[in-house]
Structures are given as C-alpha cells and as structure tokens.
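Asker: What would the 3D arrangement of this be:
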Amino acid sequence: MPNVKTVVFDFGGVLIDWNPRHMYRKLFNGDAAGMEAFLSTVCTPEWNEHQDAGRSIAEAEAEAIARHPDKAELIRAFYSRFDEMMADSIPGTVAILEALHERQVPLYGLTNWSAETFPYALKRFPFFQRFRGIVVSGRIKMKKPDPRIFAHLVSTHGLKAAETVFIDDSPKNVEAARATGLQALHFTTPERLSADLRQLGVL
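Answerer: Okay, here's the model as predicted:
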C-alpha cells in the first residue's frame, strides 16, 4: 500500500463524545425507557441525518412537531441544547491528533454535521485549530457514505486518495471511503487507532 501522508478524521464518536442521551437524560429525569422511545420514534437518527444533509433546523422542528405536537418542547430541545449533547472530547484520540500534528502530518476533517450546529463544536474544542481543512456535510448538502463527499474532500483539498487515510467510527463510512480509493480505518478505541496508525507508519 502507498505510504500514508495525510490523515482525515471524523469527529462525532472519534474526537468528540456526542450523544443526544447526554442531554435528554436530564429532561427525562431517569425515565430511560421514555427517553429511548422518544429517540427511536420522534427525534430519530434518521431525522437528524436530514440536517446533516442540509435541511434547516427550522424545517426539521416543524416536521417533527407536526408528527408529535405533544412533544414540541422536547423536540426543540434537540437543537437549542445541542451543546449539552457533546459531553467532552475523547482524550486518547485528541492525543493522537496532537502527536500527528507534532510530526507535521497534514490533518483534515470530514464530518456528517448540521451546518447550523457545527459552529458550537468549533467554538468549544481547541483541537479544531490543527486541521488544514474541514468538510461539513450540512454545508455542501451531501453526507457520508455518499461517494461524492469523499470525491469532494479529495478534489477540494488537492489530496491523493491512495496516500490519505480516513478514520471513522461507522463501518459503512469506512467501506465507502475505501471504495473511492482512500485508505480507511474503523475507529473503535484510541489504543486500536494508535496501533493502526503505527502500522501504517504515520505515527
């Protein structure tokens, strides 16, 4: 395999501990079953993914409230309290990011994220300063695993796909990246990622 010269990170689940449950546990006051029912029928992952693909928060809230008018306050909380869904950074992965930066490895980001909420993460986490470029799905209205977003990443930033490794916690995104010519690693733990990057000779 060609030598890796560039590393691309996903953010949620890799560098940031993002989970709507971090916030909704406060609103459901210990009612775990009620919270899970809400997240599986009202503000579902599929509903949120439409925002990752470019739908506005206003449209998303209107659609969900039309389906569940009795849940309007809980629905609006998803984005008005979005920052509370980001518990913290994932220290072990941030340490890897910093080590790569020290080695002057070019770093980029590729994330499925709403254009309207991504600024919250940028403001909160200093490690974003390490990236030379970031592709946010909500800004360009296409999201992983659509192969077009990987092509956009490569062409926009002048990368060589075969010399670029992409890191994501979603197996389907990893497979899609590989299908477009990128090297790709499935993130499970910082320890595993560190070992994988050492094996590739980039860390």
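
Asker: Isn't Val135 up against Ile149?
Answerer: Yes. Assessed by C-beta atoms under 8 Å, Val135 is found in contact with Ile149 at 6.8 Å. Every C-beta, even on glycine, is put in place using the N, C-alpha and C of the backbone.

Asker: who touches both of those two?
Answerer: Leu110 (C-beta atoms under 8 Å, 6 or more residues apart in numbering).

Asker: Would you mind writing the CA trace of stretch 99-107 as CSV?
Answerer: The C-alpha coordinates for stretch 99-107 follow below in CSV (Å, rounded to 0.1, in the frame of the first residue of the first chain):
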residue,chain,number,x,y,z
ALA,A,99,1.1,13.6,18.0
LEU,A,100,0.3,13.7,14.3
HIS,A,101,0.4,17.5,14.3
GLU,A,102,3.8,17.4,16.0
ARG,A,103,5.0,15.1,13.2
GLN,A,104,3.7,17.7,10.7
VAL,A,105,1.2,15.3,9.2
PRO,A,106,-1.4,17.2,7.2
LEU,A,107,-4.7,16.9,9.0
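
Asker: For that stretch, the averaged confidence score.
Answerer: Stretch 99-107 carries an average pLDDT of 98.

Asker: who touches that stretch?
Answerer: Against stretch 99-107 from outside (C-beta under 8 Å, 6+ apart): 5-9, 97, 130-132, 197, 202-203.
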